[in-house]
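1. give me a model of this one.
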Amino acid sequence: MASPAYFAKHGTPQTPPELSVHDCVRFRLPTYGGLLNWQFLSPQTGEVLTQAVTGKWIFNDIQLLILSALDSVGLVWIERALVREFLENGRLISVLDDFAMRYPPDYLYYPNRQIPPILRALVEFLRV
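-> Okay, here's the model as predicted:
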């Protein structure tokens, strides 16, 4: 994802390998300090593809990552839910959607396992 101004100046990548000629803003994971790998899903094979990217900027804060995309610094790889507002109002444009990763949903608990009564009460409350 990037701003319309970024794409107007640098062009729009059509495949993950084309990212190698773009400024990509990378994210350093706060948990262990490693850089988040950019991963894509091959539309032909369903294989997970990891794409090496380069760029001048690395952040360890999601808000700075989003602001850098809005300010046309470069492309970012980020969960759509975190930037939905900017995608809807046109301040950011999503690319490589055919290659987007599909992640399983998050779960509060595993229904096939025994859960503590307090968690069960919370689940029942949230169902209402």
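2. quick check: which element contains the residue most central in space within the chain?
-> By C-alpha atoms, centre = their mean, the chain has its centre lying nearest to residue 78, at 2.1 Å. Element membership for residue 78 (DSSP states H and E) is empty, with no helix or strand holding it.
3. do residue 64 as well
-> Using DSSP H and E, residue 64 falls in helix 62-70.
4. residues making contact with that helix?
-> By C-beta atoms under 8 Å, 6 or more residues apart in numbering, the surrounding residues in contact with helix 62-70 are 1-3, 6, 25, 27, 57, 59, 74-76, 78, 82-83, 86, 91-92. Just so you know, the C-beta spots here come from the backbone N, C-alpha and C atoms, and that holds for glycine as well.
5. 10 Å instead, please
-> 1-3, 5-6, 23, 25-28, 30, 36, 55-59, 61, 73-79, 82-83, 86, 91-93 (C-beta atoms under 10 Å, 6 or more residues apart in numbering).
6. now the strands for this protein?
-> 24-27, 38-41, 48-51, 58-59, 75-76 (DSSP state E).
7. do you know which of those strands lies nearest residue 11?
-> strand 75-76 (11.1 Å; C-beta to C-beta).
8. who does that closest one pair up with?
-> Partners of strand 75-76 in the sheet, by DSSP bridges, are strand 24-27 (parallel).
9. need the pLDDT of the residue of the chain most remote from its centre.
-> Ranked by distance from the centre of the chain (C-alpha atoms, centre = their mean), the top residue is residue 117, with 35.0 Å. pLDDT, residue 117: 85.
10. make JSON lines out of the strands of the chain and add mean pLDDT.
-> Listed next are the strands of the chain as JSON lines, based on pLDDT from 0 to 100:
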{"stretch": "strand 24-27", "mean pLDDT": "96"}
{"stretch": "strand 38-41", "mean pLDDT": "94"}
{"stretch": "strand 48-51", "mean pLDDT": "93"}
{"stretch": "strand 58-59", "mean pLDDT": "96"}
{"stretch": "strand 75-76", "mean pLDDT": "97"}
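11. show me the one of these that comes nearest residue 125.
-> So among these, strand 24-27 is nearest, using C-beta to C-beta, at 34.8 Å.
12. ok now the closest one, how far from the chain's centre?
-> 11 Å (C-alpha atoms, centre = their mean, to the nearest Å).
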